[in-house]
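Asker: Predicted model and sequence follow; I will ask about them next.
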Amino acid sequence: MSKQLSLRPNRKEWAIYSFLTLFILGAFLPSFLTLNSFPTTTKSELTQSLSPLDHPDRTSIDIPSSSFKLSKISQEEPEAYFPNFLYYSIEVANAMIDHLFDNDSGGFFTSKDQHWQESSVNSEKKTYDNAQAILALLKLADAVINNTERDFALEIADKTGTNMINELYDTIFDGFFFSQSIRYKRPGVQGKAIQALLSLAEATGNQTYRDYAVSTFNFMDRYGWNSTDGYYYYILSHSGFIPVVNPSAEDPYVPWAPRADHNAIFGDALLDLYEYESNTTYLNRAVDIYNFFNTTCRNMTNGLFYTGLNSTYHVVDPDSADIFINSLILEFLAHLYNVTGNQVYYDDFFLLLNSVLLNYWDQRYGGFYATISLNTGGSVDYKKYTERQFYAIRALDRAYKLSDNSLFYNLILDALEFLNDKLYDNDHGGYYQLSNEDGTGGFETSWNDKFTVTQSLSIYALSNLWLYSKPGVLNALWSPSAPRPTDPVTILIAAFDSDGISNVLFNYSINKEPYHAVEMVPHSLVGNMYNTSLDPHADSTSVNFNIIVNDTLGNQVVRGNYFFVWQADLFPPNVVEIGFFPSLEIPVHKEFSITVSAQDVPSQGRVRYVRIRYHRSGQSEKSESLVQIDTHIWQITFPEGLPTPGTYAYYFESTDDMLNTGWSHKSYFYILGHQESTPFELVIGLLAVVGIFIPAGLYTYVEYKKKDARKTLKSRREVRYRKRSTSSINKRTRRGTKRI
C-alpha cells in the first residue's frame with residue numbers, strides 16, 4: 001500500500017518547534033519580566049583625557065654638557081643656564097635623612113639596601129661617615145634658598161655632631177674611634193672629624209666643637225706624628241698605642257705603615273685648623289706631610305700616587321694606583337696653594353690632574369675608573385665606584401675654581417651625566433654603590449646598596465656646584481600667564497650667587513623687534529627675587545625675553561628663552577568630565593553625582609558657571625547647575641536620583657567672565673528600573689505561550705494517547721491470533737494420532 005504525506009507535524013517535529021520557540025522568547029522575555037537592560041556603550045562620543053592639575057613634570061636629572069656653555073653669550077643667542085644641582089642635593093638629603101638618620105639619638109647609620117628596607121639596615125655608626133654627612137649638610141645649608149630648609153639642615157648637622165662626640169669620641173685618651181664596634185683610630189678618620197667639627201663651630205657658634213677638634217689634633221700629635229714620616233701610623237689602638245699586629249686580615253698594611261690617603265686627609269684638616277686658629281704649627285705640619293708622601297709614595301714616571309708604604313718603606317701593591325687617593329691629594333694640593341700662594345703647589349696640582357685625566361677618565365662611557373695599572377701586565381679595575389666619582393668631581397671643582405677653564409666644568413657635567421644616568425635611583429632616591437664600566441649592574445645585590453658616605457659626598461658636590469661663582473637662576477614667572485590686551489604683566493625671577501648679585505636684567509623683544517634690556521628691581525617681600533612689569537599691549541602682541549644675571553665678580557649667565565602673547569579672550573572654558581559616581585548605570589531613585597574640571601582657555605579669567613543639560617529619548621531637555629567645590633572642580637549631585645528608566649543623553653554648558661559660552665560633547669547614562677506599562681513584546685510573548693505552547697502540548701498529548709491505544713489494540717490482536725493458531729495445530733495433531 002502506498003504511503004501518504006501528512007500535513008500535520010508528528011510529535012518529534014512539534015518538540016523541535018516548541019524548543020526553538022522557547023529559546024527565542026527566552027532570550028528576550030527576562031529583560032521585560034524583571035529589570036530593564038540598556039546596552040552599555042562608550043561614555044562619550046569622543047575620547048577625553050585629563051592631565052593632572054598643578055603637578056608639572058619634574059625636571060629631568062639628565063644634564064648633558066652640551067647644554068652648558070661657560071663662555072659669555074650674546075643677546076641674540078642666549079644661554080639656557082639652569083643647573084639643577086641644588087634640587088637633587090635636596091632630594092638625596094631628604095632620602096638620607098628619612099632612611100639612615102637615627103631619630104632617637106642622632107647620627108647616621110652606615111647603609112641600607114636599594115629599597116631602603118628597614119630590615120637591611122647596617123646600624124653601625126662610623127666616624128668618617130658621620131663627619132662627611134655633617135660637611136654635606138652644612139654645605140647644603142649654605143646653598144638652599146629659604147631659611148626653613150637652612151635651619152633644618154643645620155639642625156640635623158648639629159645633632160649628628162653631638163652624637164658623634166657622645167658615641168664615637170674617646171673620653172679617656174681623646175680622638176675618635178673608627179666606629180662603634182671597631183675601637184681603633186686612623187689618621188684619615190681623625191682629619192675628617194676635625195674638618196666637620198670646625199665647620200660646625202663656624203656654623204653654630206658653639207666653640208665646644210672647636211675644642212674637640214683641637215683635642216683630636218693634640219691626640220694625633222702625641223701618638224701619631226713622626227717628624228720624618230708624617231702621620232705614618234695607620235692604625236692606632238683605643239689606648240693611643242700602636243698595636244703589634246694588624247687586626248684587619250683584609251688590610252695588607254702593618255699598623256705603623258704610612259698611607260698617602262690618610263696623610264692627605266689629615267693634612268687638609270690641618271689647613272682648616274690653620275685658617276680657623278691662625279696657628280702656623282698647623283700650616284707647617286701640613287707642608288711636612290706633603291713633602292713626605294710626595295717623595296716616598298709617588299710614581300715618578302706618570303706622577304700618580306701609590307696607596308702607601310709597608311714597615312720596610314716599600315710600596316704596597318706598587319703596580320696600581322687608586323683614583324680615590326689621587327683625588328684626595330689633588331684637593332690637598334689646591335688647598336695648599338690657596339693658603340700659601342706657592343706656585344709650586346699650583347703647578348704640581350695641574351701636573352697630577354693631567355695624569356689623572358689621562359689614566360682614569362673613560363672616554364667611551366664617561367666617569368672615572370677605580371684603579372689603573374702602573375706597569376705592564378698589571379691588573380686594572382674598570383668598575384665605577386660612586387664615591388670615587390664624587391671625589392674626582394671635587395678635584396675637578398678645585399681645578400675649575402683655580403683656572404676658570406670650562407674644560408673642567410664640562411668634565412664635571414659629563415661625570416654627573418654618567419652618575420645620574422647609571423647610578424642614581426630615580427624610583428627610591430639616592431645613589432647606588434657601584435656599576436660596571438658601561439654603567440650596568442653586577443650580579444651582587446650589594447652593588448645597589450645605599451651608603452651614608454656615598455649620599456653625603458653627592459650632597460656636598462652638588463651643593464658646592466650650585467654655589468659656583470657663576471650665578472644660579474631659577475625659571476622666570478609672569479602673571480597673568482595669558483594676559484588680555486587690558487592686562488599689565490609682572491615678570492619674576494629668582495637669582496642666587498655666593499659672591500653677590502650685581503644686577504638682573506630683563507632682556508625682551510616685542511613682536512620680534514630688537515632686544516631691549518631693563519634692570520629688574522629686588523622684590524620687596526621675597527629675598528633673592530627680582531621683578532619688573534610691562535604695560536598692556538594690543539591683541540596678538542608677542543613677547544620674547546630672557547634674563548641676564550651679573551654677579552659682583554663680573555660673571556654672567558642668561559636664562560631664556562621665554563615667550564607669551566597678549567590676546568583677547570575669545571574662547572569658552574574647557575570642561576572635562578572626571579567622575580560619574582557610582583557608575584553610568586543607576587537604578588531608579590538611586591543617588592548619583594557627576595564631577596568635572598572646568599578651566600578658562602586660555603587661563604585668563606574665571607569660569608562663571610557650569611550647567612548640565614540632559615534628556616531622556618523623546619523627552620524635553622532639562623538643566624541643572626553644578627557647584628564649584630575646589631579650584632577648577634565642579635560637581636552636581638542628584639540626591640534622589642531619577643524616577644524614570646531609560647537612556648539619557650547629557651552634555652555640559654560653561655561660560656567665563658567674558659561671556660564666552662561653550663558646550664561639551666554629548667554622552668549617555670542609563671537609569672534602570674521596572675517598566676511603568678506592560679510592554680508590547682511581553683503581550684506577544686504571553687500570546688505565543690497561550691496560542692502555541694498550550695495547543696502544541698495538548699495536541700502532542702492526544703496524539704501520544706491515540707498511538708498508545710493503537711499499540712495496545714494491536715498487541716491484543718496479536719495475542720488472540722497466536723492463541724487461535726496454537727489451538728488449530730493442537731487439533732490437527734490429535735486427529736493424526738488417532739489415525740495412526
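Answerer: Great, that's in hand.
Asker: contacts, neighbours, all on C-alpha from now
Answerer: Will do.
Asker: In contact with R388, which residues are there?
Answerer: I323, F324, F368, A370 (Cα atoms under 8 Å, 6 or more residues apart in numbering).
Asker: Most neighbours among those, please name it.
Answerer: Highest neighbour count within the contacts of R388, by other Cα atoms under 10 Å: F368, with 28 neighbours.
Asker: I'd guessed that residue sits against D381; true?
Answerer: No - using Cα atoms under 8 Å as the test, F368 is too far from D381 to be in contact (10.5 Å).
Asker: how much space between H262 and K185?
Answerer: 11 Å (Cα to Cα, to the nearest Å).
Asker: Just the terminal-to-terminal distance for stretch 173-189.
Answerer: End residues of stretch 173-189 are separated by 16 Å (Cα to Cα).
Asker: what's the offset of it from the middle of its chain?
Answerer: 37 Å (Cα atoms, centre = their mean, to the nearest Å).
Asker: Name the residues of it that come out as buried.
Answerer: By neighbour count on 16 or more other Cα atoms under 10 Å, the buried set for stretch 173-189 is 174-180, 183-189.
Asker: before we move on, what about stretch 348-359?
Answerer: So for stretch 348-359, counting by 16+ other Cα under 10 Å, buried means D348, F349, F350, L352, L353, V356, L357, N359.
Asker: Nearest to T631 among the residues you listed?
Answerer: Nearest to T631 among these is L357, at 54.9 Å by Cα to Cα.
Asker: And the pLDDT at the closest one?
Answerer: At L357, the model reports a pLDDT of 94.
Asker: need the contact list for the spatially closest residue to D487 that is not a sequence neighbour.
Answerer: Leaving out its chain neighbours, the residue that sits closest to D487 by Cα to Cα, 6 or more residues apart in numbering is P536, at 5.1 Å. The neighbourhood of P536, defined by Cα under 8 Å, 6+ apart, consists of R484, P485, T486, D487, P488, V489, W566.
Asker: helix, strand or coil for the first one?
Answerer: Reducing the assignment to helix, strand or coil with DSSP: H, G, I helix; E, B strand; the rest coil, the entry for R484 is coil.
Asker: Just want to check the distance between it and D98.
Answerer: 46 Å.
Asker: before we move on, back to that, quick check: neighbours shared by F368 and D381?
Answerer: With Cα under 8 Å, 6+ apart, F368 and D381 have no common neighbours.
Asker: Just the ones in helices from the buried residues of stretch 348-359, please.
Answerer: In helices, defined here by DSSP state H, the members of the buried residues of stretch 348-359 are D348, F349, F350, L352, L353, V356, L357, N359.
Asker: these two touch, right, the fifth one and L330?
Answerer: Translated: L353. Yes - taking Cα under 8 Å as the definition, L353 is a contact partner of L330 at 7.1 Å.
Asker: Compare R484 and D98 (neighbour count), which wins?
Answerer: R484 (22 against 12).
Asker: quick one: the more buried one and D569 touch, right?
Answerer: Yes - using Cα under 8 Å, R484 is in contact with D569, at 6.6 Å.
Asker: a markdown table for the buried residues of stretch 348-359, including distance to I594?
Answerer: Shown next, in a markdown table, are the buried residues of stretch 348-359 (distance: Cα to Cα, whole Å):
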| residue | distance to I594 |
| --- | --- |
| D348 | 73 |
| F349 | 70 |
| F350 | 69 |
| L352 | 70 |
| L353 | 66 |
| V356 | 66 |
| L357 | 64 |
| N359 | 66 |
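Asker: Those residues: which two are farthest apart?
Answerer: That would be D348 and N359, which, of those, are the farthest apart (Cα to Cα) at 16.6 Å.
Asker: Now do the contacts for F669.
Answerer: K43, L584, E585, T647, Y648, A649, Y650.
Asker: can I get the residues you listed in CSV with pLDDT and distance to C297?
Answerer: Shown next, in CSV, are these (pLDDT from 0 to 100; distance: Cα to Cα, whole Å):
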residue, pLDDT, distance to C297
K43, 31, 77
L584, 91, 79
E585, 92, 82
T647, 93, 88
Y648, 95, 87
A649, 95, 86
Y650, 96, 83
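Asker: Please list only the buried members of these.
Answerer: L584, E585, T647, Y648, A649, Y650.
Asker: ok but the last one is inside a strand, no?
Answerer: Read that as Y650. Yes - when three-state DSSP is applied, Y650 is found to be in a strand.
Asker: Leaving aside the residues adjacent along the chain, what's closest to it?
Answerer: In space, Y650 is closest to Y614, 4.1 Å off (Cα to Cα, 6+ apart).
Asker: Quick one: classify the one you found as helix, strand or coil.
Answerer: strand.
Asker: Please name the bridge partners of it.
Answerer: K622, Y650 (DSSP bridges).
Asker: of all the ones in helices among the buried residues of stretch 348-359, which comes closest to F451?
Answerer: Once Cα to Cα is applied, the member of those that ends up nearest F451 is V356, at 25.5 Å.
Asker: ok, that closest one - contacts?
Answerer: L304, I323, N326.
Asker: quick one on the thing from earlier: which among the contacts of R388 gets closest to K125?
Answerer: F324 (22.0 Å).
Asker: Name the residues of the strand or helix carrying the closest one that are buried.
Answerer: Per DSSP states H and E: F324 is located in helix 323-340. Residues 323-337 are the ones in helix 323-340 that count as buried (16+ other Cα under 10 Å).
Asker: pretty sure D427 is in a helix, no?
Answerer: No - counting by three-state DSSP, one finds D427 to be coil, located in no helix.
Asker: That one and I90, how far apart?
Answerer: When D427 is compared with I90 (using Cα to Cα), they lie 16 Å apart.
Asker: of these two, who's got more company?
Answerer: Neighbour tally, D427 and I90, criterion other Cα under 10 Å: the higher count belongs to I90, 21 against 8.
Asker: pLDDT score for the more buried one?
Answerer: So, for I90, pLDDT stands at 90.
Asker: ok, now V287?
Answerer: V287 is given a pLDDT of 93.
Asker: May I see the buried residues of the strand or helix carrying it?
Answerer: In the assignment (DSSP H and E), V287 maps to helix 280-296. By neighbour count with 16+ other Cα under 10 Å, helix 280-296 contains the buried residues Y282, L283, R285, A286, V287, D288, I289, Y290, F292, F293, N294, T296.
Asker: hmm, back to that, hang on, the residue nearest to Y650 packs against L642?
Answerer: No - the pair Y614 / L642 is not scored as a contact, 11.5 Å apart, by Cα under 8 Å.
Asker: picking that back up, could I get the buried residues of helix 280-296 as CSV with distance to N544?
Answerer: Formatted as CSV, the buried residues of helix 280-296 follow (distance: Cα to Cα, whole Å):
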residue, distance to N544
Y282, 56
L283, 54
R285, 58
A286, 55
V287, 55
D288, 59
I289, 57
Y290, 55
F292, 60
F293, 58
N294, 56
T296, 61
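Asker: Show me the shaky parts of the stretch 101-250 of the chain.
Answerer: For the stretch 101-250 of the chain, the stretches flagged by pLDDT under 70 are 145, 228-250.
Asker: what ranges do the strands span in it?
Answerer: Under the criterion DSSP state E, counting those that start in this stretch, strands of the stretch 101-250 of the chain are mapped to 111-112.
Asker: returning to what we had before: and the buried residues of stretch 173-189, which of them are in helices?
Answerer: Per DSSP H, the buried residues of stretch 173-189 map to helices at P187, G188, V189.
Asker: Next one: S625 from L434, what distance?
Answerer: S625 is 60 Å from L434, by Cα to Cα.
Asker: who has more neighbours, those two?
Answerer: L434 (25 against 17).
Asker: which residue sits closest to the more buried one, ignoring its sequence neighbours?
Answerer: Closest residue in space to L434, ignoring its immediate chain neighbours: Y385 at 4.3 Å, by Cα to Cα, 6+ apart.
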